[in-house]
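[1] quick one, what's the 3D model for this:
(one chain, ligands or ions: 1)
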Amino acid sequence: MCQLTREAVGGLRGCATRATSCILGVWIACAAIGAAGCAAHPEIVREPMPPGASVPAAYVGIIGFSAEGEPIVAYFFEGREPGILIIGSIHGSEPGGATLCEHLLWRLRDGTPDDRRVVVVPKANPDGLLRLRRENARGVDLNRNFPAANFRRSSTGGPEPLSEPESRALYDLVREERPGLVISIHEPLGVVDYDGPATEWAHCLAERIRLPLRRLGALAGSMGSWVGETLGLPIVTLELPRGAARPSTAASWEAYASALLDTIAWPEPAEAK
Ligand SMILES: [Zn+2]
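    Prediction:
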């Protein structure tokens, strides 16, 4: 994150549990220092992007902070609502989601497909990503920590739903955005799964990305269970193939990003309206 932005958000940590105030606060901070400078996010701007390029999101927001104080960054692209929310690497041992989100951000520079509102959270579990560990820094699997009806208290799921700052940040974002579709990117099963009224979208993504469609079942306290079963909103889980994040397969990211763009552009199915 650019130094000015890090300083600007430093004073906002006290409001990390409320996404609205943080997003608003950082948006104001970004406006104060200049949107172009704020958008030039060094974690996102990397090869093959040209030097000095910026991620052309309408605005960048901090939706919360990890257990170790790392900002959880979201990129907001304005457009027709309901929007589509794309989440990468909620499991830190699955870096392919963050990489794919970064490619997608670059592809969104010319606008969103079908003029859709799109929100992208490339690194939902920044502490886990730094360690390449599935759980967050407190040892909780964030994808078992949501307030779904099937939540189970456990050492991996946490003592209670939303016990973790990262899951609270995503919870607030989903409640605020009320997206028309959530896509959560995992690995390494190499399948497309879904919960809630997302059948058509899941078929679209599976066909475009050339992975089989397979129902994995409602997992305790997962984001899929909460969004799909509890909220009744469509959610697609993209399980990238094993090794998707290796540099040797970098060329495939463009194909993956194209498949996501096609899915975003897919007409909203009647089942989800
Ligand atoms: Zn996963």
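[2] how about Gly92: what's its closest non-neighbour residue?
    Among residues not flanking Gly92 along the chain, Gly128 sits closest, at 2.0 Å (C-beta to C-beta, 6 or more residues apart in numbering). Just so you know, the C-beta spots here come from the backbone N, C-alpha and C atoms, and that holds for glycine as well.
[3] check Leu261 too.
    Closest residue to Leu261 apart from its sequence neighbours, by C-beta to C-beta, 6+ apart: Pro113 at 5.1 Å.
[4] spit out the contact partners of the one you found.
    Leu261, Asp262, Ile264, Ala265 (C-beta atoms under 8 Å, 6 or more residues apart in numbering).
[5] and stretch 79-94, how far out from the chain's middle?
    Centroid separation for stretch 79-94 versus its chain: 3 Å, with C-alpha atoms, centre = their mean, to the nearest Å.
[6] go on, stretch 128-146?
    14 Å.
[7] that one near the ion at all?
    No: using C-beta under 5 Å from the ion, stretch 128-146 stays clear of the ion, coming no nearer than 6.2 Å.
[8] pull that stretch out as CSV, backbone CA atoms only.
    Once non-C-alpha atoms are left out, stretch 128-146 reads as follows in CSV (Å, rounded to 0.1, in the frame of the first residue of the first chain):
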residue,chain,number,x,y,z
GLY,A,128,-2.6,-16.6,6.1
LEU,A,129,-1.2,-15.6,2.7
LEU,A,130,2.0,-14.3,4.3
ARG,A,131,2.5,-17.7,5.9
LEU,A,132,0.9,-19.7,3.1
ARG,A,133,-1.3,-21.2,5.8
ARG,A,134,-4.9,-22.1,5.4
GLU,A,135,-6.1,-20.4,8.7
ASN,A,136,-5.7,-16.9,9.9
ALA,A,137,-3.0,-15.8,12.4
ARG,A,138,-5.2,-17.1,15.3
GLY,A,139,-5.4,-20.5,13.8
VAL,A,140,-9.1,-20.2,12.7
ASP,A,141,-10.3,-21.4,9.3
LEU,A,142,-12.2,-18.3,8.2
ASN,A,143,-14.3,-20.4,5.8
ARG,A,144,-15.8,-22.2,8.8
ASN,A,145,-16.4,-19.0,10.9
PHE,A,146,-19.6,-17.6,9.2
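[9] now for the contacts of Pro113, which pair is the farthest apart?
    Asp262 and Ile264 (7.4 Å; C-beta to C-beta).
[10] dihedrals phi and psi, the residue nearest to Leu261?
    phi -60, psi 140 (degrees, to the nearest 10).
[11] ok, which stretches of the protein are strands?
    For the chain, the strands defined by DSSP state E cover 59-65, 71-77, 80-88, 116-121, 181-186, 189-195, 235-241.
[12] isn't Phe151 right up against Gly157?
    Yes: using C-beta atoms under 8 Å, Phe151 is in contact with Gly157, at 6.7 Å.
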